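Chemist: kindly return the folded structure for what I paste below:
(one chain, ligands or ions: 1)
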Amino acid sequence: MNKYYSFLMIVVIISLSACDAGRDSPRGFSLPKGDEVKGKQVFIKHQCLSCHLIADVEDNEITRELEEPIQLGRKTAKVITYAELVTSIINPSHKISRGYLVNSVDESGNSIMRNYNDVMTVAELVDLVTYLQPHFKVTPVEYSPYRNYYVH
Ligand code: HEC
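Modeler: Presented below is the predicted three-dimensional model:
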């Protein structure tokens, strides 16, 4: 490759990335497939149950931190993507889940959810997300029925 050609390549790469939706864009984000069974263990190990409820795990011994624990998994009209789930775990304040706003943020508007980024391995995170995703069921949007009315 001569010098001119490599310079051209660099220009092309820079201009391509400039067309992207920005460096925070989830485009191209992809996680390897994880292990659901291990993911459930991760969920228990990190005591997510101290603030959450989930359909298939119970632990009556756990010390609850929230008066009203937040149910994980909900019907949603929007596909919960890996990117969204991962974000809600590693950067919970990015988008506070709607419906929980009342007691889920501190005075500065940040999520009160604990930060696991220094204690959870990437492998654990991948398994955890694989375990959690099927709990978020996707339902089609329901449209309100239109009624015909006539002007006399
Ligand atoms: C100290 C309490 C607390 C702990 C512990 C906690 N969370 Fe949360 N979590 C919250 C709160 C409050 C919200 C809702 C506000 C928000 O979206 O950040 C939330 C939201 C979430 C959401 C988004 C839910 C939705 O419906 O969009 C996920 C997923 C989640 N938590 C996973 C976890 C996992 C996995 C763990 C354990 C590794 C965990 N949380 C531990 C408090 C907690």
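Chemist: CA only for contacts and neighbour counts going forward, please
Modeler: Will do.
Chemist: list the residues that contact the closest residue to Asn91 other than its chain neighbours.
Modeler: What sits nearest to Asn91 in space, not counting adjacent residues and going by C-alpha to C-alpha, 6 or more residues apart in numbering, is Asn115, at 7.9 Å. By C-alpha atoms under 8 Å, 6 or more residues apart in numbering, Asn115 lies in contact with Ile89, Ile90, Asn91.
Chemist: just those residues now: which is nearest the ligand?
Modeler: For these, the residue nearest the ligand by C-alpha to the nearest ligand atom is Ile89; the value is 5.4 Å.
Chemist: enumerate the residues of the chain near the ligand.
Modeler: Residues of the chain lying close to the ligand by C-alpha under 6 Å from any ligand atom are 43, 46-48, 50-51, 72, 85, 88-89, 92-93, 96-97, 100, 104, 111-114.
Chemist: please list only the buried members of those residues.
Modeler: Buried members of the residues of the chain next to the ligand, scored by 16 or more other C-alpha atoms under 10 Å, are 43, 48, 50-51, 85, 88-89, 92-93, 96, 104, 111, 113.
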